[in-house]
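Trainee: Predicted model, plus sequence, below.
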Amino acid sequence: MEKTFAKLDDAALAALGGGVIGYVKEIEGEDAVKLLGERIEVPPDAKLYCLYNADGSPISISGSREAAFSSAMEHELVAASVH
């Protein structure tokens, strides 16, 4: 039996989360600067954790994985870890 996979565009993916699903992904300092702009100062190789909405929009950036998951709880999101 051949497996088939559904293809979701950004709008379908955002709707799938329904405002209750998010994900945490490790990012580097240079990624944080790209997300937040030059208004922050962080070493380019810093290890940070970003909480994203299901549609891929960033919600918060934390210094630890645990803090990122706490942020998800504060935003009433169920979060998954993404590598």
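Mentor: That came in fine, so what should we check first?

Trainee: Which residues are in contact with the most centrally placed residue in the chain?
Mentor: Nearest residue to the geometric centre of the chain (Cα atoms, centre = their mean): Tyr52, 2.5 Å. By Cβ atoms under 8 Å, 6 or more residues apart in numbering, the contact list for Tyr52 reads Gly22, Tyr23, Val24, Lys25, Pro58, Ile59. Quick note: C-beta positions are derived from backbone N, CA and C, even for glycine.

Trainee: What segments of the chain are helices?
Mentor: 10-17, 29-36, 65-74 (DSSP state H).

Trainee: Need the pLDDT of Pro44.
Mentor: Here the pLDDT value assigned to Pro44 is 88.

Trainee: contacting residues around it?
Mentor: Taking Cβ under 8 Å, 6+ apart, one finds Glu28, Gly29, Glu30, Val33 in contact with Pro44.

Trainee: hmm, which of those residues are the buried ones?
Mentor: Gly29, Val33 (16 or more other Cβ atoms under 10 Å).
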